[in-house]
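# Whatever this is, show me its structure:
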Amino acid sequence: MADDTLADFERTEFSAHGRSAPVYRLGTGPAVIVMSEMPGITPRVADFTRTVASIGCTAVMPHLFGVDGKDPVAGPVVGQLATVARALVPACISREFTVLATGKSSPVTAWLRALAAHEHERCGGPGVGAIGMCFTGGFALAMAADDRLLAPVLSQPSLPFGLGRKAKEGIDISPDELATVKNRCARGDLTVLGLRFEGDKISPPQRFRWLREQLGDAFTAIELPDSSARQDSPMPPHSVLTEHLVDAPGEPTRAALDEVLDLFRRRLLTQD
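All right, here's what the predicted structure looks like:
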């Protein structure tokens, strides 16, 4: 794919908690915060965001890292690796992101909750949806400590990085925020959706087992066979809704996308 100019998005700046960054907005209706995977807002992440807007939501895509609109798989392999490294290395050493620690939310989630609150006030509706992918997968869960977040989606959540049991079984959320999320789930106020490919070592199966233990029936896991991933991608199966999506009727990844959109419809667009 070619680089995406994002020309159809409204670009504004949002400031809170000492952080100011661009935010791209498209559509009308209740807000859904779309947090990009590594290495940033790629053309396929932007296309997913457009799909969210097409169902009647305001899709809100904040800049978190990387070069907005750049295609990470264009050009030679060396260039592809450099694109990922330019986004990953600064993020890993930034104080905004908790990469290795277990039982700790990334500080940037406070900014994201403020953004969600701002968008809820601006867009109206019963609440806000949020989806994190890969590096940001767990952010949607931490954001759900705020009652305004009604529809969190964790697509291939990859933090914390690590080879040990604690890293694989946990996710990047503080104990206090996890307790709040668990209480919301127990009350029936919250449904959490998770997606991953079965063979994905970056988002290991232990993490989903742990989420089932913590959240009970409120957590719905969609785990897809690796064979269902887009076969011409240069990367192993990982990005369910973007790089490895096969957007055709009957395809498992398309069915997973439909599940995500249906969650947003049920929680944000259905009138009681």
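
# Secondary structure element holding Arg25?
Using DSSP states H and E, Arg25 sits in strand 19-26.

# go on, Ala110?
Here Ala110, judged by DSSP H and E, is contained in helix 108-123.

# packing partners for whichever helix or strand comes after that helix?
Per DSSP H and E, the first helix or strand lying C-terminal to helix 108-123 is strand 128-133. Secondary-structure packing of strand 128-133 (3 or more CB pairs under 8 Å, 6 or more residues apart in numbering; DSSP states H and E): strand 31-35, helix 108-123, helix 139-143, strand 149-155, helix 252-264. (Glycine included, C-beta is placed from N, CA and C.)

# Kindly recompute the last result at 6 Å.
strand 31-35, helix 139-143, strand 149-155 (3 or more CB pairs under 6 Å, 6 or more residues apart in numbering; DSSP states H and E).

# where does this structure dip in pLDDT?
Within the chain, the segments meeting pLDDT under 70 span 73-94, 100-101, 162-163, 167, 271-272.

# quick one on the thing from earlier: for the helices and strands packed on strand 128-133, which one sits closest to Ile131?
strand 149-155 (4.0 Å; CB to CB).

# Residues in contact with that closest one: which ones?
127-131, 133, 137, 140-141, 143-144, 192-195, 240-241, 260, 263-264, 267 (CB atoms under 6 Å, 6 or more residues apart in numbering).

# 8 Å instead, please
32, 37, 113, 116, 126-134, 137-138, 140-141, 143-144, 171, 190-196, 211, 239-241, 260, 263-264, 266-268 (CB atoms under 8 Å, 6 or more residues apart in numbering).

# do stretch 226-242 as well
So stretch 226-242 is contacted by 37, 42, 44-45, 47-48, 73, 77, 80, 131, 133-134, 155-156, 195-200, 202-203, 222, 224, 243-246, 251-253, 256-257, 260 (CB under 8 Å, 6+ apart).

# Render the CA-only coordinates of the strand holding Arg25 in CSV, please.
Output in CSV follows, covering the C-alpha atoms of strand 19-26 (Å, rounded to 0.1, in the frame of the first residue of the first chain):
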residue,chain,number,x,y,z
ARG,A,19,0.9,15.8,27.0
SER,A,20,-0.2,17.4,23.7
ALA,A,21,-0.5,15.4,20.5
PRO,A,22,-2.4,15.3,17.2
VAL,A,23,-5.8,13.6,17.0
TYR,A,24,-7.4,12.5,13.8
ARG,A,25,-11.2,12.5,13.7
LEU,A,26,-13.7,11.1,11.2
